[in-house]
Every structure is written in structure tokens, then in C-alpha cells.
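Peer 1: Following is a predicted model, sequence given first.
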There are 2 protein chains.
Amino acid sequence: MSKQGAPLAVIDLNADAPCYPPLAQRRVPAETAAVLAPAFKALGDPVRLQLMSMIASAEDGEVCVCDLTPAFDLTGPTISHHLKTLREAGLVDAERRGTWVYYRARPGILRQLAALLSVEPAPSSQA
Amino acid sequence: MSKQGAPLAVIDLNADAPCYPPLAQRRVPAETAAVLAPAFKALGDPVRLQLMSMIASAEDGEVCVCDLTPAFDLTGPTISHHLKTLREAGLVDAERRGTWVYYRARPGILRQLAALLSVEPAPSSQA
DNA sequence: GGCCTGCCTCGACGTCCGTCTAACCAGAGA
DNA sequence: TCTCTGGTTAGACGGACGTCGAGGCAGGCC
């Protein structure tokens, strides 16, 4: 549907965006679903989920692509494609320093997604 | 051909499954990614995200399909297909009572996914 | 039994996705 | 400048996905 306009075009999922109420508390409206679903979709691939984890759990807060690529049995372009998907979903941010490109996680979006999936521990009001 | 005898085939994402450490804390191994990615993938469609929310936020803890279908501009088979996807991802559970079929959320999996996406509030002081 | 309703399954169609190879662009170094 | 390395982009291909119409099965009602 959406064309590939700008490479760094980020949806409304910035850290400035409001915290959506939990999915199990209020029915998610169509517009919210249209905004959040692409983020879940980006995490819906095993390779991207591992990439996201490697980036988010990096010691220095960032990872060089040269450290990501050899961790998979995939070609460089394929990894680059997955990173672009994560970038367009607003989950990571890229920065080129010299020859190398470093990726960094956007914790705000992860927090929003986690909040959306959060569930009440035990609704004891109903037996 | 799979009969309707066991439509509840669930992957390893039951409430009994262990809580995976946050994605940003430890690198997600390949097997974990292979198990969790389908759940995110199932939530990666706007229709399914809304369906999941409608089911999880139901007052009585369950929703009849007859209440879900008219909420979308989609045909019955399409909604049924999306519900099957959520079912196979282990996110919801179905039960037929008389003529109607009721869907119920599995909060354990939502909790696990939320825990996986959880991020430290402010890692300013490296611990 | 006959019929009606609710939901699922089947088959089909167009589109999107994941992967690859080949080619291109950006910096660094000599 | 020329070359080498690192990363992205372009194009292609097979498979999966989202949607639909048609048909089937289960349960309730007359």
C-alpha cells in the first residue's frame, strides 16, 4: 500500500507520541491499529527479532552492521533489507560514521508496544 | 487433513512457558526468535490487532464471532481466517457453545510478549 | 424431516515478503 | 587518482499472505 517515499520516514511512533492504553483495557481503534501494526509486523520475522535484540541489548547502545551481518547465514543485502524494515517501522535509527554504519534502538517505541500488550496481573473482581 | 477435533494446536507459547528475558537485556537466541516471531507476526495486521483488542478487552472475557464480524468491512471468511491466525499463534482460544463460537484471550502470552519488549526506564546509570 | 442461521473450509486471485545476484555509492588509504 | 572495503539499492524469483465467492458442517427451530 504505502510507497517507499523517504528512507527515514518514520510513522507516528516517536518518543513524543502518546502512550496508548493497553490492548486488553480498551478496544484499539482502527487508526491506532494502522499505526502500531507495522511495528509488530517488523518484529514478526525471526531474523528481525534477533537483529532488534542485538541492537537493543548492545553494550554501547549501538551496533555496527559489520557485527550484525556475520551473525546470520544470510547475505549482506538481505540483512540490509531487514534493517531497513526495522528503520521504516521506527524501531531503530541508523547513523553513518566514516566507513561504518551504526544502528541504535528507539526505546520509546518498545515501551509503547510493551505498554499496549500489558495485561492486568489478576482481575480478582471477577472470580 | 486436519479435522475439527483438535483446532487448538498451540505452539510452545502456553502460560506454562518460561518468561523470556527482555529483548533489550539479552540477545534473543534463534530458537526463541523462531517461537516468538509468529506471535508478533499475528499482531502485525491491523485487523488482527483490533480483533485481539476486542477479544482481550471484552467485559465477560469472551466475545462471540457474531459480534466481531460486523465491526469490520470484511466478509465472514476473512474474519474467520484472521481468527484462525490468532488461534494458531496461541494468542486466543475458541469454544463453540451451541450455534455460536466464543473467543477468549490468553493473557499469559500477552504478558510474555510485553515482558520481552520491556525496557529499562532510564539506563542513565549503567548497572 | 426440512429449513434456517452461524461459522468454517476450500479454491482462487492479486499483492506483498524474504532472499538472492549484480551493480552502485560512500569513505579511507596509498 | 586509483583501489579497496563496507553498506545500500535495483531487479528478479519463489513462496506466503489477505481477500473473496462458493460450498460444507453443526446446531436450533418449525
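Peer 2: Sure, I can see it.
Peer 1: Need phi/psi at the spatially most central residue of chain A.
Peer 2: Closest residue to the average C-alpha location of chain A: A:L91 at 2.9 Å, with Cα atoms, centre = their mean. For A:L91, the backbone dihedrals (degrees, to the nearest 10) come out as phi -90, psi -30.
Peer 1: Contact residues of chain A facing chain B?
Peer 2: A:23-30, A:33-34, A:36-38, A:40-50, A:52-54, A:56-57, A:105, A:107, A:110-111, A:113-115, A:117-119, A:126 (Cβ under 8 Å from any Cβ of the partner chain). Glycine gets a C-beta too; all of them are placed from N, C-alpha and C.
Peer 1: Quick check on these: which are buried?
Peer 2: A:23-24, A:27-28, A:33-34, A:36-38, A:40-50, A:52-54, A:56-57, A:105, A:107, A:110-111, A:113-115, A:117-119 (16 or more other Cβ atoms under 10 Å in any protein chain shown).
Peer 1: which of those are close to DNA strand C?
Peer 2: A:41, A:44-45, A:47-48 (Cβ under 7 Å from any atom of the strand).
Peer 1: Out of those, which sit inside helices?
Peer 2: When DSSP state H is applied, those are split such that A:41, A:47-48 fall in helices.
Peer 1: what would the residues you listed look like in a markdown table with distance to DNA strand D?
Peer 2: Below are these laid out as a markdown table (distance: Cβ to the nearest atom of the strand, whole Å):
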| residue | distance to DNA strand D |
| --- | --- |
| A:K41 | 8 |
| A:V47 | 13 |
| A:R48 | 13 |
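Peer 1: could those residues be laid out in TSV, adding pLDDT?
Peer 2: Below are these laid out as TSV (pLDDT from 0 to 100):
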residue	pLDDT
A:K41	98
A:V47	98
A:R48	98
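Peer 1: where along chain A do the helices fall?
Peer 2: A:30-42, A:46-56, A:65-68, A:76-88, A:107-117.
Peer 1: Out of those, which is closest to B:T75?
Peer 2: helix A:30-42 (17.3 Å; Cβ to Cβ).
Peer 1: list the contacts for A:S53?
Peer 2: B:23-24, B:26-28, B:33 (Cβ atoms under 8 Å, 6 or more residues apart in numbering or on different chains).
Peer 1: give me phi/psi at A:D60?
Peer 2: Dihedral angles (degrees, to the nearest 10) for A:D60: phi -90, psi 10.
Peer 1: swap in A:R26?
Peer 2: Backbone torsions of A:R26, given as degrees, to the nearest 10, read phi -140, psi 150.
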